[in-house]
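Q: Sharing a model that was predicted from the sequence below.
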Amino acid sequence: MNHRYYRQQLSALHDGELSSDEESVMKDHLVRCEECAALLKTWRLIGSGVRSLEEIQLPAGFSRRVLETVREDEEETSFWMPVEALARKTVFGLSLAVIVLVAFLLATEPQQPVIMESYLSGEVPEGNTPVSLLQRESISKNDILLAVAQK
Ligand SMILES: [Zn+2]
């Protein structure tokens, strides 16, 4: 058994909720573990201190006000739940759109620009001209010369 188990059992020991077997296992551990023994001692001191306090009379309506406050908090939370859910979905959707856009832009690399010298000297690579010219944003003087040269 690990130390975490003993820590969980310590509370049950303090409250007198352990079987006799479990209690003897815990007492064996407390002999060997100063940390748990000190914690149990602290809990016992706090318990006896609380029991020695005199009872106080709560103001009238105290329980009702506590319940009202809890309900108000719950209503406020339930009011914002749909808004929060919508915000989460929106952020998720926008993130997905950005990822798709970046992936698309990375997948479609721009093609190499048309090198005019090879066209003008008659060394035109096949199948490259129409695609490259259509992807340009404006027509240059060299494009016009190329069109004339190909006629
Ligand atoms: Zn321990």
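A: Thanks, I have the structure now. Residues are numbered from 1 along each chain as shown.
Q: Let's verify E54: helix, strand, or coil?
A: Secondary structure, DSSP: H, G, I helix; E, B strand; the rest coil: E54 is coil.
Q: So what's the residue count around it?
A: 4 (other C-beta atoms under 10 Å). C-beta here means a position set from N, CA and C on the backbone, and glycine is covered the same way.
Q: Look up phi and psi at it.
A: Main-chain dihedrals, E54, degrees, to the nearest 10: phi -80, psi 150.
Q: got it, and the one 5 residues further on?
A: For P59, the backbone dihedrals (degrees, to the nearest 10) come out as phi -60, psi 150.
Q: With I56 instead?
A: Dihedral angles (degrees, to the nearest 10) for I56: phi -110, psi 150.
Q: So which bits of the chain are right by the ion?
A: With the criterion set to C-beta under 5 Å from the ion, the chain comes near the ion through 6, 33, 36.
Q: Quick check: closest non-adjacent residue to H29.
A: Excluding its sequence neighbours, the residue lying closest to H29 (C-beta to C-beta, 6 or more residues apart in numbering) is Y6, at 5.0 Å.
Q: contacting residues for the one you found?
A: By C-beta atoms under 8 Å, 6 or more residues apart in numbering, the contact set of Y6 is 26, 29, 33, 36.
Q: Just to be sure, which of the residues of the chain next to the ion are found in helices?
A: Judged by DSSP state H, the subset of the residues of the chain next to the ion located in helices is 6, 36.
Q: V148: helix or strand, and which one exactly?
A: Per DSSP states H and E: V148 is located in helix 141-150.
Q: Quick check: which helices or strands does that helix pack against?
A: Counting contacts by 3 or more C-beta pairs under 8 Å, 6 or more residues apart in numbering; DSSP states H and E, helix 141-150 packs against helix 116-120, helix 129-134.
Q: ranking these by mean pLDDT, which is last?
A: Ranked by mean pLDDT, these bottom out at helix 129-134, with a mean of 52.
Q: Point to the residue nearest the middle of this structure.
A: Taking C-alpha atoms, centre = their mean, the centroid of the chain lies closest to R88, which sits 10.7 Å from it.
Q: what's the pLDDT at it?
A: 94.
Q: repeat for the one 5 residues further on
A: Among the per-residue scores, G93 holds a pLDDT of 96.
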